[in-house]
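Participant: I need the structure of the sequence given here:
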Amino acid sequence: MRYIYKTLLLTLVMLSTLNMSHAAELKVGYVQVDKILKEAPQTAESGKKLEREFSPRSLELDKMKKQIATIESELDQESLALSEVDRRNKQRKASNLKIEFQRKQRELREDINIRKNEELSVLQDRINNAVKTVSESEGYDLVMYGGVAYASNKIDITDKVLKLLSGN
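Facilitator: The predicted model follows:
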C-alpha cells in the first residue's frame, strides 16, 4: 500500500514538473485595440467615407438652421410692423421648420451611428485577421486584447499588427 502511495506521489510530482516545463514554452502576446483603432489607416479611411456619405444631409441641415435663424430675425425686427396674422404665420413657419430640423437631425445622427457601427464591425474583422496572421506567423499560443491590468512591452504585438494593417 505504501508503495502505491509513493508511486502515485512520484507520478504527480513528475506530471506537475512536466506541466511546468510546457508552461515555460507558452508564448503570450498582447494587443492594444484602442491604439490600433486610433492609428490604423482604415480608421481614417472609414471616417472620410462616412463624411462623404453624410455631408449632403449635413449641408441641408445647415441651410435649414440658417433659414430658421433668418425667419426668427425677421420676426424680431418686424414684430411691431407685422399684422397679428402675419406674425402668427411666420411663428408657425419657424416652429414647423424647427420640428422638421430636429427630426432630420435625429435621423441623421441615428443613420451615422448605424453606419459607424457597420464600419467598426468591418474594421474589427480586419484587426482580428491581422492579429491572427501575426500570431500564427510568430508562433504565439495566446494573444489577449484589453481588460489586462498590465502587459510588458516585451509581449505587446500592437505595432506589428498596425504594420500589417498598413500594408508595410
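Participant: Okay, and the spatially most central residue of the chain sits in which element?
Facilitator: For the chain, the residue nearest the mean C-alpha position is Leu120 (5.3 Å; CA atoms, centre = their mean). Per DSSP states H and E: Leu120 is located in helix 84-138.
Participant: Report the mean per-residue pLDDT for that helix.
Facilitator: For helix 84-138, mean pLDDT is 93.
Participant: sorry, back to before: residues touching the residue nearest to the centre of the chain, list them.
Facilitator: Taking CB atoms under 8 Å, 6 or more residues apart in numbering, we find Leu120 in contact with Ser46. For every residue, glycine as well, the C-beta is placed using N, CA and C.
Participant: ok, now with 10 Å
Facilitator: Leu37, Thr43, Ser46 (CB atoms under 10 Å, 6 or more residues apart in numbering).
Participant: burial of the nearest residue to the first one once chain neighbours are set aside, as a residue count?
Facilitator: Spelled out, it's Leu37. Spatial nearest neighbour of Leu37, chain neighbours left out: Thr43 (5.8 Å); criterion: CB to CB, 6 or more residues apart in numbering. Thr43: 17 surrounding residues under other CB atoms under 10 Å.
Participant: Give me the three-state assignment for Thr43.
Facilitator: helix (DSSP: H, G, I helix; E, B strand; the rest coil).
Participant: Mind pulling up the pLDDT for it?
Facilitator: pLDDT for Thr43: 91.
Participant: what's the answer for Leu10, then?
Facilitator: With respect to pLDDT, Leu10 scores 40.
Participant: now Ser16
Facilitator: Value for Ser16, per-residue pLDDT: 55.
Participant: quick thing: my sequence starts at 127, can you match it?
Facilitator: Sounds good: first residue 127 from here, last item Ser142.
Participant: check contacts around Leu291.
Facilitator: Taking CB under 10 Å, 6+ apart, one finds 162, 165-169, 249, 252-253, 255-257, 260 in contact with Leu291.
Participant: name the element it belongs to?
Facilitator: With DSSP H and E as the criterion, Leu291 is inside helix 284-292.
Participant: tell me which residues in that helix are buried?
Facilitator: Neighbour counts over helix 284-292 (16 or more other CB atoms under 10 Å) mark Thr284, Lys286, Val287, Leu288, Leu290, Leu291 as buried.
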